[in-house]
Structure formats: structure tokens, C-alpha cells
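Q: Provided below for reference: sequence and predicted model.
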Amino acid sequence: MPESWFTLDLRSGLTMRSIDPLVHARIRGTPMLADRRAVMAAVLRDAARRATASGAVYCGVMAEAIDGAGLSATVSVSSFRHDAGPGESVPTVGELVVGLQEESLPSLSGAWRKVQIVDLPAVGLAARMLGASASGGGLDIEPSLVASMRTLIPVPGAPRVAQVECRSPNIAVTDALHRLFDAVTATFRFVPDGPDFRAPV
């Protein structure tokens, strides 16, 4: 991960109380970030809650100030079971692409998506959906657009799929964020861990 990212291993029983020391250690020796400590800790806690609720095992948060404006993004890594076709035990990239294409596009104005097959350096072919998608929304909150990228990677020899999802509210720089998300996702790899796999970024 780049230096501007905070990474959280959600498998290790991360607690919200452990986030403040993490932020303190990162910004030590960087006085210009000292007054942002509380905001950065709040962003990390929110990202950790969301990632945990979605079943993610890893979560990364980027928080930077560029030209006086805030730039933030999150990446999460999760794994889920995939019901392959008859006689198949391992999902194919083609099946994953079809699944992404069949997902409904939010009606929020300005939302768009593109589905493609990508070749990741360490794991090979994967299905990807990128675009501008809806975020938030509720009884009192209007939904907004976020720059997003979701990459689905078949787990070798298992009926499972690893998912790397990146999101940022900085929709005005979507193209640049998609390049960043692509670079971060390209670091994904499977690491043998006994009979199973774990999937860090």
C-alpha cells in the first residue's frame, strides 16, 4: 500500500480503540497533519465498521490533503461462496462478468458503469466493474455518487470469489481515482495458508 494508506486487518479482532494509536503513530513527526487527527480517526472507524459489516477481512483507507482539499478513498477485501454451474466447482471469469452485467444500474443521475476483464499480475484474469455508483441514502439522507471499482477474482481450486472493492467520494477526479484503484488492486495476491488461501492487498 502507498504511504498515504492506513491498512486494517479485520481478521485480528480489530477494536475501535486501537485506531487512535494507529493514527497517532502515523502522523507522529508530521505537524501539518496533527490537527486532522480526530477527523482521520473518525474516517477509519467508519470504514472499519462498514467493512466489518460487509464481511471484509482487510480494509485500507487513504486520507490526504491536496491543494487545501481533502482526498479520501477506501479499499476492502472480502471473500464469498459462488454457486457455479452444473458440474462446475470453480467459478469462471466469464460467469463473473455476466453477473456484473446483470446487476441493475442505480437510477441516480450521473451513475454509470463499465464491465471488463482485466489481467492482474499475480493472479491472472478477473472480472471488473468500474464507474460512478450511488452511496448512502436513507430517510433523511440524499444518495450521492462515488467513484467505484469492484474486482472479482476466482479463488484457485475452490467455489469462492475474492472481491476487492475501492470507493471514493471525490467524484470530480474519477478518472485519476480509477487509475489509483487499478494500481492498488494490481497488488492483490493469494497467499497459501495451510489448506486454504488468505487474500491480502
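A: Structure's in. What do you need?
Q: secondary structure element for residue 148?
A: Residue 148 is part of strand 144-154, with elements assigned from DSSP states H and E.
Q: repeat that for residue 39.
A: Here residue 39 is covered by helix 37-53, with elements defined by DSSP H and E.
Q: check which helices and strands that helix sits against.
A: If you count contacts as 3 or more Cβ pairs under 8 Å, 6 or more residues apart in numbering; DSSP states H and E, helix 37-53 packs onto strand 5-9, helix 19-27, strand 58-66, strand 69-81. From N, CA and C alone the C-beta is placed, and that goes for glycine too.
Q: mind running it again at 6 Å?
A: Helix 37-53 sits against helix 19-27, strand 58-66, with contacts defined as 3 or more Cβ pairs under 6 Å, 6 or more residues apart in numbering; DSSP states H and E.
Q: would you list the ones you listed in TSV and tack on distance to residue 188?
A: Shown next, in TSV, are the helices and strands packed on helix 37-53 (distance: least, Cβ to Cβ, whole Å):
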stretch	distance to residue 188
helix 19-27	22
strand 58-66	10
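Q: turn those into a markdown table, including mean pLDDT and mean neighbour count.
A: As requested, these are exported to a markdown table (pLDDT from 0 to 100; neighbours: other Cβ atoms under 10 Å):
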| stretch | mean pLDDT | mean neighbour count |
| --- | --- | --- |
| helix 19-27 | 75 | 16 |
| strand 58-66 | 75 | 19 |
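Q: C-terminal to the strand holding residue 148, what's the next element?
A: By DSSP H and E, the next helix or strand past strand 144-154 is strand 160-168.
Q: can you list contacts of that following strand?
A: Contact partners of strand 160-168, identified using Cβ atoms under 6 Å, 6 or more residues apart in numbering, comprise 73-82, 91, 146-153, 155, 177, 181, 185, 188, 199.
Q: I'd like to know which elements the helix or strand that that strand is followed by is packed against.
A: In the C-terminal direction, the helix or strand that comes right after strand 160-168 (DSSP H and E) is helix 174-185. For helix 174-185, the packing partners by 3+ Cβ pairs under 6 Å, 6+ apart come out as strand 144-154, strand 160-168.
Q: minimum distance to residue 58: which of those strands has it?
A: Judged by Cβ to Cβ, the one of those that comes nearest to residue 58 is strand 160-168, at 9.1 Å.
Q: got the angle between the closest one and strand 144-154?
A: Using axes from the mean of the first three to the mean of the last three Cα atoms, to 10 degrees, the inter-axis angle of strand 160-168 relative to strand 144-154 is 160 degrees.
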